[in-house]
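In: predicted coordinates and the sequence they were generated for:
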Protein chains: 2
Amino acid sequence: MHQHIPTPDRVLARNLSALADGAPARLAGWVHRRRTLKSVTFLVVRDRSGLAQVVVRDPAAVAQAEALTEESVVSISGTVSHNPDAPGGAELVAPAITVLTEPAAPPPAELWRPTFGAGLPTRLDHAAVTLRHPRHRAAWELAAASMRGFRCALGELGFTEVMTPKLVETATESGANVFELDYFGRPAYLAQSPQFYKQMLVGVFERVFEVGPVFRAEPHDTVRHLAQYTSLDAELGFIHDHRDVLAVLRSAIAGMVASIETYAAEAAALLGVQLPRVPDEFPVIHFRDALARVGADPDEPDLSPAHERALGEWARAAYGSDFLAVEGYPMTKRPFYTHPWGAPPPKCPPKARVAGSEDTFEGSNSFDLLFRGLELTTGGQRLHRPEDYAAAVARAGIDPTALGGYLDAFRHGMPPHGGFAIGLERWVARVVGAENVREVALFPRDLHRLAP
Amino acid sequence: MHQHIPTPDRVLARNLSALADGAPARLAGWVHRRRTLKSVTFLVVRDRSGLAQVVVRDPAAVAQAEALTEESVVSISGTVSHNPDAPGGAELVAPAITVLTEPAAPPPAELWRPTFGAGLPTRLDHAAVTLRHPRHRAAWELAAASMRGFRCALGELGFTEVMTPKLVETATESGANVFELDYFGRPAYLAQSPQFYKQMLVGVFERVFEVGPVFRAEPHDTVRHLAQYTSLDAELGFIHDHRDVLAVLRSAIAGMVASIETYAAEAAALLGVQLPRVPDEFPVIHFRDALARVGADPDEPDLSPAHERALGEWARAAYGSDFLAVEGYPMTKRPFYTHPWGAPPPKCPPKARVAGSEDTFEGSNSFDLLFRGLELTTGGQRLHRPEDYAAAVARAGIDPTALGGYLDAFRHGMPPHGGFAIGLERWVARVVGAENVREVALFPRDLHRLAP
């Protein structure tokens, strides 16, 4: 049996100024920047909390510092000196430098510059190094905080986290853009979403969520699509209609924003992010009203990106909201399991609605949520009665035997239910205003990219 | 714009007894059990919180209840009646029953019986329904609570959650048991672990964790292996050696156990689980001492299951601990990135050790953690210097170009680091005492099973 000796004290850059002036302290991290002046050398040390400055004056230490390239890993002991001109209000003086790894090879562009000085391909080719740039890692900090907030909000609402199979027997949900693999000698497919599984699990836990990878063999090179992305999925039973789903989506997004404020405030500030205000209730417009508002043909089956932008501007002007839900999309544009508009579960009347016209609306009990004029997520109510599935599957021309266990679940009693899915990278891209989702993914996968 | 009308009040079964005697209440859920006596029919309703009893005496309601099969989905309004003989201390009387779905098809075995009455194949073939059995869903509640506790503990220690690629270019980590797929016309592989990515991300965030699926094309049909399982991974930088990793592992497991106590206490009680007490520090024995203790040949390269059981018994007797870490495994039994025993980072002395002999130990700075005499997880310190990787890769006979971005990260400055991975299903199986990991997975995948 050995005795465990704790790691010697190390102070994070963020906490340096909390130590007393003149106190001994040890920083550990990467040499973020080295600046050599005539009589003094500055080392900026980067650790997981941020940056701290080290002032090197002793000639031997200066010589040592000059041999260090940026990104070398160091442990530096010295004395805290409060200095209002130093970043963070304190710096380390009289340093003794311990090199933990030999001088590092230079990154493909200098990481200490405020803006990364090379293009996206270079950045992605060397992601393990270029993600160290404070702006790049900040984007992922928003992603990590978003996941944390999503889970926290849903946990408080009684949701159970699930983990569903990514290897599936059939590719029937959409049929296209699916990766095929060899599964012990027979074909299998990578799951494009946990849709069928989260529905089945509503029968077990009522309320479930999953945060995990989904796979799309997207054959086009676009700024919005990845071959693997992180899907934030939720599904809940005992709803009246899709408005209950929308209310949970609102809580989830409120939780994500609150979590960014709590856990990634510095990252958001660094990126100049204006976080959305999440209203107590999202404004909702019916698809048909949305078409009319943007002056589109009433028979259009979908909203164009220009329509979505115009609706986003309208929502901001009319409701001061970054969010707008469009409900009642035509059934033809929705997957087979979508619940049609307003049809209530038997003996369970639909909610009263204030406007008179909409009871005559056709379409589906589903919605898109627009965030700043761009589609963020799709959700809605699903069918829950076995005979409705039998009819829907036949209409869609799907072989019901391919859906075996999924359809079986509905024969064994499923409540009215619905759910939604948020693409994590798409959410973060919207929040930070990135043009391309690849800018906010860690190691993106696409048509051309399978490494690093 | 529609106005959102909130869902009518519904009380969860667990909360029925908190309502006043005589108060109106509505339950919604599944008919878990129906019992018809001469003058009264009992319906036990199951919802996500548990079970509640409904007493039906009105002849019309009795007739309605008799038409309901078990697993039918209902909404039942009635009056709360406190009754010390009712499960939970209260029941619903004078019920008005609304059927939300038509009578359900019977499950493959009655779900209301305390023990599920069919074998594992039947259970797995109909998982969407058989997971509804309170004992089966309870096992997953332990899993969900464990994930929550893992993330919470690591979040408090400053870890950042990451999501890494599951589609990778090369299958070099182990080379065997890997799923191959067609990636836009070229071969790709499903990641067997996030190992390389979490190490690279130590260079970005210092401390990272991931909870996600990993894939093993395990060609043997064993009770311990799945083709997809959930891996709880962590990796941290600026360590002294593997003991720092072990300390984080201990915190993670303590968080998992505490989370089960907080969020899944009823599930643990239902399963009769004796939760482990997590000591402030795990007892540790060196591999060579472990061999000696169990009377094995000192040249054995590994511990057998019988050795692990014997060591587990010894740890319980000597330390009152369900856990025992065995450190210093031979390098030959560990992957190429393993850090050899005791070798310190340059100019960073190793921790003082109390026993005298071990500085002469060979082996690795890695450990296995035994939990109740079975291997739960493996962890340790990794190499971090580029020249050490060059040598290790050459020794292992791996083509370094296949490791491109991974090896590159070490050229750009990486701190001493290490980590571990816990298999979620294996952990839960150990906690509940399940023989077969399939008993605690939701929809297991193996050599023979790709559905549901």
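Out: Nice, I can see it.

In: any stretches of chain A with poor pLDDT?
Out: Chain A contains residues with pLDDT under 70 at A:1-8, A:172-175, A:343-361.

In: okay, now the domains of it?
Out: A:13-99, A:129-440 (automatic domain parsing).

In: gap between the strand ranked longest in chain A and the chain center?
Out: Using DSSP state E to define each element, chain A has its longest strand at strand A:24-36. Averaging C-alpha positions (C-alpha atoms, centre = their mean, to the nearest Å) puts strand A:24-36 32 Å from its chain's average.

In: any idea how far chain B is from the residue lying farthest from the centre of chain A?
Out: Going by C-alpha atoms, centre = their mean, the residue of chain A most distant from its centre is residue A:59, 48.2 Å out. Distance of residue A:59 to chain B, computed by C-beta to the nearest C-beta, to the nearest Å: 20 Å. C-beta coordinates here come from the backbone N, C-alpha and C atoms, glycine included.

In: strands paired with the longest strand of chain A, and their directions?
Out: Taking DSSP bridges as the criterion, strand A:24-36 sits next to strand A:41-47 (antiparallel), strand A:73-82 (antiparallel) in its sheet.

In: out of those strands, which one sits most buried?
Out: strand A:41-47 (a mean of 22; mean count of other C-beta atoms under 10 Å in any protein chain shown).

In: what residues does it touch?
Out: With contact meaning C-beta atoms under 8 Å, 6 or more residues apart in numbering or on different chains, strand A:41-47 is reached by A:12-13, A:27-35, A:51-57, A:62, A:65-66, A:68, A:74, A:76, A:87, A:92, A:95, A:97, A:112, A:132, A:134, B:206.

In: equivalent analysis for stretch A:117-136, please.
Out: A:30, A:46, A:51, A:71, A:107-111, A:114-116, A:137, A:140, A:270-271, A:436, A:438-439, A:442-444, A:449, A:452, B:200-201, B:203-204, B:405-406, B:408-409, B:412.

In: residue ranges of the helices in the stretch 51-200 of chain A, please?
Out: Per DSSP state H, counting those that start in this stretch, the stretch 51-200 of chain A carries helices over the ranges A:59-66, A:120-125, A:127-130, A:134-156, A:195-205.

In: can you lay out those as a markdown table showing distance to residue B:418?
Out: Shown next, in a markdown table, are those (distance: least, C-beta to C-beta, whole Å):
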| stretch | distance to residue B:418 |
| --- | --- |
| helix A:59-66 | 27 |
| helix A:120-125 | 27 |
| helix A:127-130 | 18 |
| helix A:134-156 | 21 |
| helix A:195-205 | 34 |
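
In: closest one to residue A:170 among those?
Out: Nearest of these to residue A:170, taken as C-beta to C-beta: helix A:195-205 at 9.7 Å.

In: are that closest one and chain B in contact anywhere?
Out: Yes: residues of helix A:195-205 contacting chain B under C-beta under 8 Å from any C-beta of the partner chain: A:197, A:200, A:201, A:203, A:204, A:205.

In: so which elements touch that helix?
Out: In terms of contacts (3 or more C-beta pairs under 8 Å, 6 or more residues apart in numbering or on different chains; DSSP states H and E), helix A:195-205 is packed against strand A:207-215, strand A:228-237, helix A:404-411, strand A:417-423, helix B:127-130, helix B:134-156.

In: at 7 Å what do you get?
Out: The criterion is 3 or more C-beta pairs under 7 Å, 6 or more residues apart in numbering or on different chains; DSSP states H and E, and the helices and strands that helix A:195-205 contacts are strand A:207-215, strand A:228-237, helix A:404-411, strand A:417-423.

In: mind checking those for the one nearest to residue A:286?
Out: Relative to residue A:286, the nearest member of the helices and strands packed on helix A:195-205 by C-beta to C-beta is strand A:417-423, separated by 17.1 Å.
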